[in-house]
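K.L.:
Sequence first, predicted model second:
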Amino acid sequence: MTPVTLLFFVITSALLLVNSAEADTEGLDDSYRVRRVIFDGVYGVPKKTLRRILESKSTPVWRPWKVPKVITHETIKDDMVRIRRFYRDKGYYETIVAYTLEVKRTPGVTKQVRDILPPSTNKTEQPKWADIVFSVTEGDPVIISDIQVKLASGAPVNSSEVSVVDLPIHSGKPFEIDLYQEAKHLLNRRFGNIGHPFPQVDGDVIIDLKDGTASISIEIEPGPKCTYGPITLTGDKDHVKEVIIYRALEFKEGDTYSEQALDASQRNLFNLDVFRPAIILTEKEADDKNRVPVQLKLKARNNNSIDLGTGYGNEDGPRLRGVWTYRNLFHSAAKLSLKVKHSNIVESTELEFKQPYWRDSASELVMTTGFLRDRLVAHQTSKLFFTADSRQRLTRNSRWSIGYIVESSKLEDIDVTDPEELQFFQKENDFFISAIRGGFAFDNRDNELNPHSGAILTLSAEHASIAYGSEIDYLKLGADFTRHIPVAKSVTLSGRVHAQTVIDTEDTTEIPIFKRLFLGGGTSVRGYGFQKLGPLDIDGNPLGGQTALGANIELRYPIYSNVSGVVFVDAGSVLQDAFEYNSNDVRFSVGTGLRYDTRVGPIRLDWGYKLNPPTKGDFGNTTDPDGEIERRWKIHISIGQAF
């Protein structure tokens, strides 16, 4: 640390005490319970974050039974130092903090809290209740005037090897300690990714409080360029075949050293789901040939597990799920899972075999067989099926797949009054389908359960043909794109567009109802009931179509604590023929909803309202042509975001 840097830290430490103005110290030994913490003059930093760092805390509204801890003036003085330090870390070096106490009578507290206060034999011993008001004069933040990044030799960093332009610190922006440390860490990692496992990244910051500027200088000593040395397996190394372990690694002996490859290998070993944990260690220094030895410490996890789950949705009612999994079949990290699901809509039992890294570290083989019964609005279908898919990871966020599906489906019941549909059902209700399928998926969402940023794109195709032994012939194509855009802290604008079509090919002239497309419900157009958007019979039963188009846009915003709200607009169209489109058939709905965040995803309540619903006359009802098919609004309850 240079003398200038040492002097800088001495000065700022002194400022913490000098600039933290205090209230009158009369009654310094008094103790208090906090009713409210109030901030005055706080604009440059989030008040919510400030509350988290304080020792003085009030009772949360959603936990009225919790009694606030007793505090004193010393506690509040310590909190002033915390506030001052927080501001300093955000670039505010001349912030002044003061406080006042507004003592309240105990009856001002809710009765529930009073009733559970610790008893006292002497009422005068009870702590007073008070509101704490922190008055903050923020001052101006220190602005970064210039940034210099160079090698220890004095030479500039080769931008073709290591980028220095996209660091989290920028000239003209406030100087924040955390971002400065993050910039040094990123540079360390970037040199580690191009063969330098032991770089030294040092920095100096000169703060000029008179001018309100910060000058940053970062110096890097890359160290020797290295390769990976011998790879050693330790611990439960015989739990899985070595060939599988080595396929999980993104590097091999002799490759140029890369921190990124080590991290990817660590994830791959973890995703094998047979080790807990699997740790990759490297030596602290290279050998005389600039090689870095690598050690894998492996600890086997239990091969058997049982997972049980439950849920609820107003469309499918109570959901029950059970999964038994056996790991490391044949000592190849393969998994065999028996899965059982039950709801008012779906009943299934399936056996899944999954072989990770079956060709390389980016490949996976998945085979599934089982029984499925769908109890949908207008029909009930049961089927026996077998699928086999080979999945190949392209990048960390994308993959493609190709597979085969064979199923024997029986249309057990059909609840429609359409004469053509009834005639088709009476003529044929057993179907053998043999098809090949493929797909592509990209997903870089920051959170699968409740995303704030990122996107997900899926493309799919399925082709059934007499050439594969299928009794019906069709080509099914689909595309689905969802984007989440953070428009403010905790506020997200989410949008989705999706399209599907089913084309009858070769000798097939009609697609069975269980292979058609439907919209409407809690995950598509929320003003409509489940599968109620699109072609209907005269009694309002869904018939499905061969083309489905949909779009959704939704603004998600915080309300309080774990509760958030949404407003949305949905649109969709289901048409009878493949590749058909008619703007007059696009149906719109608007609505609002609430979310409560949990560990398994948000609990969702949505209210949707139809803007342009069809009438009974649109589907051939001449008795009541202007009548509504269903009520104009719908309520949907489920777990997880709508999209």
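P.N.:
Received, thanks. Numbers count the residues shown, from 1 in each chain.

K.L.:
where do the helices sit along the stretch 251-400 of the chain?
P.N.:
Along the stretch 251-400 of the chain, counting by DSSP state H, counting those that start in this stretch, helices occupy 259-271.

K.L.:
nearest spatial neighbour of residue 582, skipping sequence neighbours?
P.N.:
When the adjacent residues along the chain are set aside, residue 582 lies closest to residue 575, with 6.5 Å between them (C-beta to C-beta, 6 or more residues apart in numbering). Every C-beta, even on glycine, is put in place using the N, C-alpha and C of the backbone.

K.L.:
Now do the phi/psi pair for the one you found.
P.N.:
The phi and psi torsions at residue 575 (degrees, to the nearest 10) take the values phi -120, psi 160.

K.L.:
List the contacts of it.
P.N.:
534-535, 545-548, 581-582, 585 (C-beta atoms under 8 Å, 6 or more residues apart in numbering).

K.L.:
For residue 498, give me its contacts.
P.N.:
With contacts defined as C-beta under 8 Å, 6+ apart, the neighbours of residue 498 are 478-481, 548-551.

K.L.:
Look up the pLDDT of it for me, please.
P.N.:
At residue 498, the pLDDT value in this model is 98.

K.L.:
now swap in the one 5 residues further on and tell me
P.N.:
Residue 503 is assigned a predicted lDDT (pLDDT) of 97.

K.L.:
Sketch out the low-pLDDT regions of the stretch 201-350 of the chain for me.
P.N.:
Screening the stretch 201-350 of the chain residue by residue with the criterion pLDDT under 70, one finds no matching range.

K.L.:
one more time with 90
P.N.:
Counting by pLDDT under 90, the ranges of the stretch 201-350 of the chain that qualify are 271, 276-278, 284, 311, 314.

K.L.:
just the strands in it please.
P.N.:
Along the stretch 201-350 of the chain, the segments classed as strands by DSSP state E, counting those that start in this stretch run 213-221, 227-235, 275-282, 291-300, 304-313, 317-329, 334-342, 346-356.

K.L.:
Cross-check residue 52 against the secondary structure; I expect a helix.
P.N.:
Yes: assessed with DSSP: H, G, I helix; E, B strand; the rest coil, residue 52 lies in a helix.

K.L.:
how near is it to residue 98?
P.N.:
Summarising the geometry, the distance separating residue 52 from residue 98, computed by C-beta to C-beta, to the nearest Å, is 21 Å.

K.L.:
ok, those two, which is more surrounded?
P.N.:
residue 98 (17 against 9; other C-beta atoms under 10 Å).

K.L.:
just checking, what packs against the helix or strand hosting the more buried one?
P.N.:
When secondary structure is defined using DSSP states H and E, the element that contains residue 98 is strand 96-104. The elements that strand 96-104 packs onto, with contact taken as 3 or more C-beta pairs under 8 Å, 6 or more residues apart in numbering; DSSP states H and E, are strand 31-40, helix 73-89, strand 128-137.

K.L.:
Let's see that with 6 Å instead.
P.N.:
Packing partners of strand 96-104 (3 or more C-beta pairs under 6 Å, 6 or more residues apart in numbering; DSSP states H and E): helix 73-89, strand 128-137.

K.L.:
so what secondary structure elements neighbour the longest one?
P.N.:
Counting contacts by 3+ C-beta pairs under 6 Å, 6+ apart, helix 73-89 is packed against strand 96-104.

K.L.:
Put the alpha carbons of the strand it packs on into CSV.
P.N.:
Written as CSV, here are the backbone C-alpha positions of strand 96-104 (Å, rounded to 0.1, in the frame of the first residue of the first chain):
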residue,chain,number,x,y,z
ILE,A,96,-23.2,13.8,7.2
VAL,A,97,-25.5,11.6,9.4
ALA,A,98,-27.5,12.8,12.4
TYR,A,99,-30.4,11.2,14.3
THR,A,100,-33.3,12.2,16.5
LEU,A,101,-35.5,10.0,18.7
GLU,A,102,-39.2,10.5,18.8
VAL,A,103,-40.3,8.7,22.0
LYS,A,104,-43.7,7.2,21.8
